[in-house]
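Chemist: Just a sequence and a predicted model for now, questions to come.
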Amino acid sequence: MWKSLGTTLVLDGKSAIIVKLGAPSFVNHFKMRLWEGYNRSYSYYISVSPDQKNWRRVIDYGRISCRSDQVLFFDQQVVQYVKIVGTQNTSNKGFHIISFEAYFKNDLPTTINNIIRPNYNVATSDKKAIVIKGEKPSALLDGNWHEYDGSSGYSYHKIGSGNLTIQLAQPYNISTMRLLLYDNDSRRYRYFVETSVNNSDWEIAVDLRNEDCRSWQNLSFKERAVVFIRITGTLNTNTGDDYFHVVHFECPSEV
């Protein structure tokens, strides 16, 4: 394991952070913490080598937005050198690593193209997910919806202007989501959900703009890598209320 505080790389297309392990070792797992000030996102890739001559790229998030804690798995390699190259910072021209750790693990999660397919909710503050757009964002993740009384504890946006956008810490292969719409009365909502890995290129996952929906929503769609989830409400049938309200969100769905 190697750790360093405040390690910085200039994003010039040439520079890299190179970590030398004490001896050649079998490695299939990295943990890395990116500096998370100002809700910035980074992109990067990681290559490994036994001799600093022959390099193999094991993680390629060069066009994917990432933040905070990175939990990375790949096929077992003999490693003594690790090369980390930052490709983007949404705030400035530096790539900042707080800590880096290298391991060999026997029990590995399912991955596709070295991107985890989780069987647990990754849209939590513990997993470093955040809400980057929407009113009362703290209510959407980690909420105790079991005690929800219908009068508070929801995030919302004005229909026709805005959305609710969640950012996960890193890409995950996702095919299900679950959300709880405000359901303290008989109102119905219509909405659609989009996903992205970079907050620029979006793909519709679920389109319910022509269906009346209420309460719990269990959503399924074609599996894809996901970092950003954008939920846009288009209709609230409650007269005089032009807001879209979500009490709880999780992905993948825990049901």
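Modeler: It's in.
Chemist: Around Trp216, how many other residues sit close by?
Modeler: Residues near Trp216, counting by other CB atoms under 10 Å, number 15. Bear in mind the C-beta positions are built from the backbone N, C-alpha and C, glycine included.
Chemist: ok, and the closest non-adjacent residue to it?
Modeler: Nearest non-adjacent residue to Trp216, counting by CB to CB, 6 or more residues apart in numbering: Leu180, 5.6 Å away.
Chemist: Now do the strands in the stretch 1-150 of the chain.
Modeler: 7-10, 17-34, 42-49, 56-66, 69-89, 94-103, 111-112, 115-116, 130-133 (DSSP state E, counting those that start in this stretch).
Chemist: distance of the closest residue to Thr165 other than its chain neighbours from Val246?
Modeler: Of all residues not flanking Thr165 in the chain, Lys133 sits nearest, at 3.9 Å (CB to CB, 6+ apart). Distance from Lys133 to Val246, counting by CB to CB, to the nearest Å: 12 Å.
Chemist: anything in contact with each of the two?
Modeler: Residues touching both Lys133 and Val246 (CB atoms under 8 Å, 6 or more residues apart in numbering): Leu164.
Chemist: The two: who's more crowded?
Modeler: Ranked by neighbour count (other CB under 10 Å), Lys133 and Val246 place Val246 first, with 23 against 16.
Chemist: I'd say the more buried one and Asn163 touch.
Modeler: No: with contacts counted by CB atoms under 8 Å, Val246 stays clear of Asn163, the gap being 10.6 Å.
Chemist: Sort out which residues of stretch 246-255 are buried, please.
Modeler: Val246, Val247, His248, Phe249, Glu250, Cys251, Pro252, Ser253 (16 or more other CB atoms under 10 Å).
Chemist: same question, stretch 205-225
Modeler: Ala205, Val206, Leu208, Gln217, Leu219, Phe221, Arg224, Ala225.
Chemist: End to end on that stretch, go ahead and measure it.
Modeler: 11 Å (CA to CA, to the nearest Å).
Chemist: Not counting it itself, show me its contacts.
Modeler: Contacts of stretch 205-225 (CB under 8 Å, 6+ apart): 64, 112-113, 115, 117, 171-181, 183, 186-195, 197, 203, 229, 234-235, 237, 253, 255.
Chemist: before we move on, what about stretch 122-131?
Modeler: Contact with stretch 122-131 is made by 36, 39, 67-69, 121, 137-138, 140-142, 155, 164-169, 172, 229, 249-252, as judged by CB under 8 Å, 6+ apart.
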